[in-house]
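Chemist: quick one: sequence and predicted model below, then my questions.
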Amino acid sequence: MNDSVGEGLSQQSEKAVSKEDLEAFLRKRVQELEEELRTLKALLEYIEDAGKLSPTERAEDVKVGRRRVARVLRGESYVRAVPEVPMALPREVREYLQTVEAEIRAYQAKSEAGEGVKLVIRERPDGTVAEVKFDGLFTTLEVLKAKAALKYAMETAYEVYRAQLRSKGAEEEEEGAQGPEGGAEDVEGS
């Protein structure tokens, strides 16, 4: 009998310890989640701030047809493009931008202005582009070349994005067209 009483007490103390452990675990987990939430909010603010216009920047719209797909913003020593449409940069467009960066770098080396140009592509967590920026531009020619490259890159990326949407829509239409035809044959056969 004493053994059963001892077992009962040990089970009760285990339950009490388990409850304390659970409380400690839950408090720790809540702190971790709050810290993660703060980090995610900071990231979101950082990404959203990329599209805001600084008072020292000059903005120019990039349009395809009537639709504004991006804004090219020119600052004191940089040019950046901020897409209005969530789209990814295709590999070919990235390579083109890197080629332009190399050309500007070569121009800077010839003019002894130093190799200060740097291409920065910031992406969102979902893989779309938040901002593309040429930093370290000193002459008007460098700025114009970078601006033209960014406009071309945004237009091309949007065209690729639109083509992908069309191909997805065509695939869905083909799948939808096959479904009703099969249903019609079943009705006719009965």
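Modeler: Cool, the structure landed. Residues are numbered from 1 along each chain as shown.
Chemist: what's the burial count for residue 151?
Modeler: Residue 151: 19 surrounding residues under other C-beta atoms under 10 Å. The C-beta positions use only the backbone N, C-alpha and C, and glycine is treated the same way.
Chemist: repeat for the one 4 residues further on
Modeler: Burial measure for residue 155: 16 neighbouring residues, criterion other C-beta under 10 Å.
Chemist: next: residue 24.
Modeler: The burial count for residue 24: 10, using other C-beta under 10 Å.
Chemist: relative to residue 30, how far out is residue 19?
Modeler: Separation of residue 19 from residue 30 (C-beta to C-beta, to the nearest Å) stands at 16 Å.
Chemist: sorry, wrong one. I was asking about residue 143.
Modeler: 50 Å.
Chemist: out of these two, which sits in the busier spot?
Modeler: Between residue 143 and residue 30, counting by other C-beta under 10 Å, residue 143 is the more crowded of the two (19 against 10).
Chemist: hang on, the more buried one in a helix?
Modeler: Yes. Judged by DSSP: H, G, I helix; E, B strand; the rest coil, residue 143 forms part of a helix.
Chemist: use 772 as the first number for this chain going forward.
Modeler: New numbering, starting at 772: the last item is residue 914.
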